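# make a model of this:
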Amino acid sequence: MRRILILSVLLFESSLLIMNVWGSSRVSFTSDRTGNLDIYMMDINGENLANLTDHPSDDFSPTWSPDGRAFAYVSNRDGNPEIYVMDINTKDSRRLTNHRATDINPAWSPNGKWIAFASNQARDHAADTDIYIMDVNGKKVQRLTNKGGHNSTPAWSPDGQWIAFRSTQDGIGGIHVMNADGGKQRALTQVSATSPTWASNGKQIYFSSEMLGGVKVPTLFAVDVDGGNAQKLTNVEHACEEPDASSDGQWIAYVSVQEENKGIYLIRAAGGGLRKLTQGPGQEFSPAWVPSAFGVSPSENTQMVLWGMLKRNTPHFVQ
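Below is the predicted model of the structure:
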């Protein structure tokens, strides 16, 4: 009985070790470093770069399933921007949307059942889009906005009850919030702002704006979900855009433009800790945190390392 207990503890500890190796310390992003847009992933220490898509057409804007086993993205491989999903282990992709409209900005819901996105399928002007949701098979499509303007970049609240998005329906182009079914729509900011993302505690929304606090370039801000208590998060000379908050609440990944190149940067949500993640000479944008769930199978080398550590730390069984 004692042998079984010790073995169970060791297996549990080894599973935690695997989760730590492949945990929430990875960020995916879009890059044109090979000549066209592809999706990549790397550790937040800047190591272990992996190319997730490798197609002659442009692939961009990744968003991850909560279990980390798949990500949705946009590709024009079939002639116009459509939403696809790739299985991270098999690298197989399947198309979710299939019409002549432009479908962009996918965002996977926290419960894993829905993908929100922006589309101009019901509009006369290509630049005007609405927010939609669909299930993970591309079915049960529902239109959530219908008040005109350009509605884009949906972002789910951690509890899945709300969606933040950018809208020009009031002529401002600020951040709006609505229920996950499209109800109770309201403006969160009274100035132009872009790229909303929720803090992990669900109490704040991060975004980029150059219309607050006297800033001269797009700067990252946080605001309470009631629209109050706006706070500046970045204080640098370069534009800061497209924030994405880590699920543990510790980090914000974002895009900064320096010397005409876009790169991925990290900053601590509590302030400080600024670091540059990507070092490529090209354009890199649309950061998305990879969930901490075990979404990528460890390599043979990683398995050997884990097994060696397990054996090295295993005590002799007591009969």
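# paired strands for the helix or strand encompassing Pro243, with orientation please.
Pro243 belongs to strand 239-245 when elements are defined using DSSP states H and E. According to DSSP bridges, strand 239-245 forms sheet pairs with strand 251-258 (antiparallel).
# please save the CA atoms from the partner strand in PDB.
Output of strand 251-258 as PDB, limited to C-alpha atoms (Å, rounded to 0.1, in the frame of the first residue of the first chain):
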ATOM      1  CA  TRP A 251       2.100  40.000 -17.400                       C
ATOM      2  CA  ILE A 252       0.800  41.900 -20.300                       C
ATOM      3  CA  ALA A 253       2.200  41.200 -23.800                       C
ATOM      4  CA  TYR A 254       1.900  44.000 -26.300                       C
ATOM      5  CA  VAL A 255       3.200  45.400 -29.500                       C
ATOM      6  CA  SER A 256       5.500  48.300 -29.700                       C
ATOM      7  CA  VAL A 257       6.700  50.200 -32.800                       C
ATOM      8  CA  GLN A 258      10.300  51.200 -32.800                       C
END
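# contacting residues around the strand holding Pro243?
For strand 239-245, the external contacting residues (Cβ atoms under 8 Å, 6 or more residues apart in numbering) are 27, 194-195, 197-200, 206-208, 210, 217-220, 233-234, 251-257, 265, 269, 285-289. (Glycine included, C-beta is placed from N, CA and C.)
# mind listing which of those residues are in strands?
Judged by DSSP state E, those include 27, 194-195, 197-198, 206-208, 219-220, 251-257, 265, 285-289 as members of strands.
# ok, of those residues, which come out buried?
The neighbour count (16 or more other Cβ atoms under 10 Å) marks 27, 194-195, 197-198, 206-208, 219-220, 251-257, 265, 285-289 as buried among the ones in strands among the contacts of strand 239-245.
# separation between the residue nearest to Asp54 when sequence neighbours are not counted and Gly173?
The shortest distance from Asp54 to any non-neighbouring residue, by Cβ to Cβ, 6 or more residues apart in numbering, is to Asp38 (6.3 Å). To Gly173, Asp38 is 30 Å away according to Cβ to Cβ, to the nearest Å.
# which of the two has more neighbours?
Asp38 (23 against 19; other Cβ atoms under 10 Å).
# does the residue nearest the centre of the chain have beta-bridge partners, and which?
With distances taken as Cα atoms, centre = their mean, the residue of the chain nearest its centroid is Ala288 (2.8 Å). For Ala288, the beta-bridge partners are Ser28 (DSSP bridges).
# got the CA coordinates for stretch 104-123 in CSV?
Written as CSV, here are the backbone C-alpha positions of stretch 104-123 (Å, rounded to 0.1, in the frame of the first residue of the first chain):
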residue,chain,number,x,y,z
ILE,A,104,-11.3,38.5,-38.7
ASN,A,105,-10.4,39.0,-35.0
PRO,A,106,-11.2,35.5,-33.6
ALA,A,107,-11.5,35.2,-29.8
TRP,A,108,-12.1,31.9,-28.1
SER,A,109,-14.5,31.8,-25.2
PRO,A,110,-13.3,30.8,-21.7
ASN,A,111,-15.7,27.8,-21.7
GLY,A,112,-14.3,26.6,-25.0
LYS,A,113,-17.7,26.4,-26.7
TRP,A,114,-17.7,29.7,-28.8
ILE,A,115,-15.5,31.8,-31.0
ALA,A,116,-16.3,35.5,-31.3
PHE,A,117,-15.1,37.3,-34.5
ALA,A,118,-15.7,40.3,-36.6
SER,A,119,-17.3,40.1,-40.1
ASN,A,120,-18.7,42.3,-42.8
GLN,A,121,-21.1,39.6,-44.1
ALA,A,122,-24.2,41.7,-43.4
ARG,A,123,-22.8,45.0,-44.4
